[in-house]
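Chemist: The sequence and its predicted three-dimensional model are supplied below.
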Amino acid sequence: MNELHKELIFDGSDIVFRELVDQLPEPVFAVDSSGLVMFANRRAMDLTGYSLEDLAAGVSAYDVFFPESRDLVKTDINRMFRGEKSGAIEYRMRRKDGSEFWALVNSRPIFSDGKPVGFTGLLMDISDRKRTEEELDAKRAELEDLVHKSAETILRKKKELEDEVKKRLEAENQLARSENLYRTLVDSAKDVIWTADLDLKYTFLSQSVLNQLQYRVDEMVGASLLDTMTPESRKKFMEIFEQELLPQGLPPHGSAFIRTDEIVCFRKDGSRIWLELTLSFLRNRDGLSEGILGISRDISGRKTVEEALKKTQDELEQKVQDRTARLLSLNRDLKQEMSDRKLAEKALRNSELRFRTLFETAPDFIFIKDTELRYTHVNPSMFQKLRADESQVIGKTDEDIFGQAYSKQSKKLESRVLQGENIETEQNITIHDRKCVFNIIRSPMKDPSGKVTGVCGMARDLTDRKLVRREFVPKPDHYVSPAMQKALSDTLLVAHSESVVLFLGESGSGKDFLARYLHDNSNRSNGPFIMINCAALPETLVESELFGHESGSFTGCSGRKRGLVELAEGGTFLLNEVGDLPLQLQAK
């Protein structure tokens, strides 16, 4: 570095430094203690929309901040005047025309005789970064909506993107400005601020070049800008310089020119780094170009984020295509399923119509009860037999309709049906003072999961077939014989018990008569009365006749047979000549 340049840079020449600051692409300003702007470079005025005439008329620095940011600004200024480090702070600001922008502000107090008389600041327009953050947020929302089933992968990508953004934000927040308005501004910048002559040789570089390219300042001063560039970036830079920069620099009073582009450079260790170059001209007092002012910014992190974002977008597009194909396939399957379901519904309606016709026209009684044993459905034949309407049957129990005696029997049977059994019985039911005999089949009602939800029953009237003959049975006092009177009285005593009764006597003494007399006067009189002569049964068939058998129980057995014991369920079973049964069968 030559002595003249060193003196201009470091000895504090106001004219050279003011020109340097005025040419900087970053906005710079100075404010007095009352808040009036004392100085602003060209970039600051371009950014805020104010002119030199506005500054001369007096512009308050607080007018550039949005009202909600002003209290925070005042707090930060007071903290800065107390000697506390404020660092770089983001503010929401507005231009003269009212439009808003975001800026990163790094301020430093100005002291005179040890007292604060104002402060200087450097603005960095971060509106693009804010928009990038909003775009990243939008992309994150899109990722969550489109690939919620791939949450782990997306969250990992999201975390990588956020880490990259965080690293960049942390890097930008490390920008340290100010020991004085100019030199600290240049030397503390993380970006490399440099100047070069028109032969493209460095004349000045900030200390941050060591961090960026790993070269010391003394190694770079006098070297060519092109030496660290890749061949592709060198060609690109020369095209810009020859076609745009150089022609712009020839007119003595040309308009301000700023050009930003991206290049790739080599570090000292040979690794590559992406740099964003912002270029403008240094002019002398006559307005003639005498060099180039540049800022080199490391954008490797942003490039990594952009590449990761592009890769994520490509993956999203592929996943959307895969998902679309999957949805089309599911749509076809759904249409086929709907078609099959319509056919099934049609078949179900036809089946329901057939069963409804059977239910409504069957001469037998058909009924359905819930788990509380209340009637929920009854067919017309049962209504007709009972001479009742729905309000008198639906929601009622057997006790409400047929009385306590029949209800007691039916509850015992139907509680077993609710446990999953199928039960067939013959029972006597009194309907309108007439005793009727019914064959009743009860089965459990089940839902699709197999849970029992009620009882389904079918009852057939066997009264006419059975030709039940109720003989007149006189009372004990109608008999002259004291022995017969005592036998009938004793029979009445045991008629209301649930025990087994044994009648002993000679043939012709009336044992069958007394058994029937006991049944008719017992609590089981509504149930069937089954009688069998054990002496007339072949020994090989006795067990089958008494207890029945299931299909396949023995060779030649093709169906289920109900035993006499089962048929007598709820009534009385008379075993005549029980002493003729084999002893082991009597015990069973």
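Modeler: Yep, it's here.
Chemist: Check the burial of K412 by counting its neighbours.
Modeler: 12 (other CB atoms under 10 Å). Where you see a C-beta, it was placed from the backbone N, CA and C, and this is true even at glycine.
Chemist: What are the contacting residues of the strand or helix carrying it?
Modeler: Using DSSP states H and E, the element containing K412 is helix 404-417. For helix 404-417, the surrounding residues in contact (CB atoms under 8 Å, 6 or more residues apart in numbering) are 369, 373, 397-399, 423, 425, 427, 429-430, 442-444, 455, 523-527, 569-570.
Chemist: average model confidence for stretch 69-76?
Modeler: For stretch 69-76, mean pLDDT is 80.
Chemist: what about D269, neighbour count?
Modeler: D269, neighbours per other CB under 10 Å, totals 7.
Chemist: quick one, what contacts it?
Modeler: Contacts of D269 by CB under 8 Å, 6+ apart are Q214.
Chemist: for the next helix or strand after the helix holding K412, packing partners?
Modeler: For helix 404-417, the succeeding helix or strand toward the C-terminus, using DSSP H and E, is strand 423-431. Applying 3 or more CB pairs under 8 Å, 6 or more residues apart in numbering; DSSP states H and E, one finds that strand 423-431 makes contact with helix 398-402, helix 404-417, strand 434-446, helix 564-567.
Chemist: So for S271, which of these sits nearest?
Modeler: The closest of the helices and strands packed on strand 423-431 to S271 is strand 434-446. By CB to CB, the value is 75.4 Å.
Chemist: which neighbours does the closest one have in its sheet, and in what orientation?
Modeler: strand 423-431 (antiparallel), strand 452-461 (antiparallel) (DSSP bridges).
Chemist: out of the ones you listed, which comes closest to L575?
Modeler: strand 423-431 (17.6 Å).
Chemist: ok so, going back, ok, which of the helices and strands packed on strand 423-431 comes nearest L277?
Modeler: Closest to L277 of the helices and strands packed on strand 423-431 is strand 434-446 (CB to CB; 81.2 Å).
Chemist: about what we covered before: for the helix holding K412, which positions count as buried?
Modeler: By neighbour count on 16 or more other CB atoms under 10 Å, the buried set for helix 404-417 is A405, Y406, S407, Q409, S410, L413, E414, V417.
Chemist: What average pLDDT does that helix get?
Modeler: Here the average pLDDT along helix 404-417 is 87.
Chemist: Buried subset of the contacts of helix 404-417, written for PyMOL?
Modeler: Here is the PyMOL selection string for the buried members of the contacts of helix 404-417, based on 16+ other CB under 10 Å:
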select buried, resi 369+373+398+423+425+427+429+442+444+455+524+525+526+527+569+570
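Chemist: So what's the predicted local confidence for the residue of the chain most remote from its centre?
Modeler: For the chain, the largest distance from the centre (CA atoms, centre = their mean) belongs to V480, which lies 90.7 Å off. Note on V480: pLDDT of 72.
Chemist: same deal with T230?
Modeler: On the pLDDT scale, T230 gets 91.
Chemist: can you check P116 too?
Modeler: Value listed for P116 in the pLDDT field: 82.
Chemist: for the residue nearest to it when sequence neighbours are not counted, what are its contacts?
Modeler: Distances taken as CB to CB, 6 or more residues apart in numbering put F81 closest to P116, at 4.3 Å, once the chain neighbours are dropped. Applying CB under 8 Å, 6+ apart to F81 gives the contacts P109, P116, F119.
Chemist: Reformat those into CSV and put secondary structure and distance to T75 next to each item.
Modeler: Below are the contacts of F81 laid out as CSV (DSSP: H, G, I helix; E, B strand; the rest coil; distance: CB to CB, whole Å):
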residue, secondary structure, distance to T75
P109, strand, 14
P116, strand, 15
F119, strand, 14
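Chemist: so can I have a markdown table of those residues showing neighbour count and distance to D197?
Modeler: Below are the contacts of F81 laid out as a markdown table (neighbours: other CB atoms under 10 Å; distance: CB to CB, whole Å):
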| residue | neighbour count | distance to D197 |
| --- | --- | --- |
| P109 | 18 | 36 |
| P116 | 16 | 39 |
| F119 | 24 | 34 |
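Chemist: now, which of these sits nearest K385?
Modeler: F119 (106.3 Å).
Chemist: Let me know whether that closest one touches V31 as I believe.
Modeler: Yes: proximity of F119 to V31 meets the contact threshold set by CB atoms under 8 Å, at 5.7 Å.
Chemist: list the contacts for the nearest residue in space to I77 that is not next to it in sequence?
Modeler: Of all residues not flanking I77 in the chain, F119 sits nearest, at 6.5 Å (CB to CB, 6+ apart). Going by CB under 8 Å, 6+ apart, F119 touches A30, V31, I77, M80, F81, S107, R108, P109, I110.
Chemist: 6 Å - rerun?
Modeler: Contacts for F119 were tallied using CB atoms under 6 Å, 6 or more residues apart in numbering; they are V31, S107, P109, I110.
Chemist: The first one: neighbour count?
Modeler: As a burial measure, V31 scores 23 neighbours (other CB under 10 Å).
Chemist: which one of the strands paired with strand 434-446 lies closest to G505?
Modeler: Comparing the strands paired with strand 434-446 by CB to CB, strand 423-431 comes nearest, at 27.4 Å.
Chemist: to the chain's geometric centre, what's the distance from that closest one?
Modeler: 57 Å (CA atoms, centre = their mean, to the nearest Å).
Chemist: CA atoms only for that strand, dumped as PDB, please.
Modeler: The C-alpha trace of strand 423-431 is given here as PDB (Å, rounded to 0.1, in the frame of the first residue of the first chain):
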ATOM      1  CA  ILE A 423     -84.000 -73.500  23.100                       C
ATOM      2  CA  GLU A 424     -87.100 -75.300  21.800                       C
ATOM      3  CA  THR A 425     -90.000 -76.000  24.300                       C
ATOM      4  CA  GLU A 426     -93.700 -76.800  24.500                       C
ATOM      5  CA  GLN A 427     -95.500 -74.500  26.900                       C
ATOM      6  CA  ASN A 428     -99.100 -73.800  28.000                       C
ATOM      7  CA  ILE A 429    -100.100 -70.200  27.700                       C
ATOM      8  CA  THR A 430    -103.500 -68.800  28.800                       C
ATOM      9  CA  ILE A 431    -104.800 -66.300  26.200                       C
END
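Chemist: picking that back up, with pLDDT added, can I get the contacts of F119 in JSON lines?
Modeler: Shown next, in JSON lines, are the contacts of F119 (pLDDT from 0 to 100):
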{"residue": "V31", "pLDDT": "87"}
{"residue": "S107", "pLDDT": "81"}
{"residue": "P109", "pLDDT": "84"}
{"residue": "I110", "pLDDT": "82"}
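Chemist: Among those residues, which lie within strands?
Modeler: Secondary structure from DSSP state E places V31, S107, P109, I110 of these in strands.
Chemist: In contact with the first one, which residues are there?
Modeler: By CB under 6 Å, 6+ apart, the contact list for V31 reads V37, A61, G118, F119.
Chemist: let's see it at 7 Å
Modeler: Contacts for V31 (CB atoms under 7 Å, 6 or more residues apart in numbering) come out as V37, M38, A61, G118, F119.
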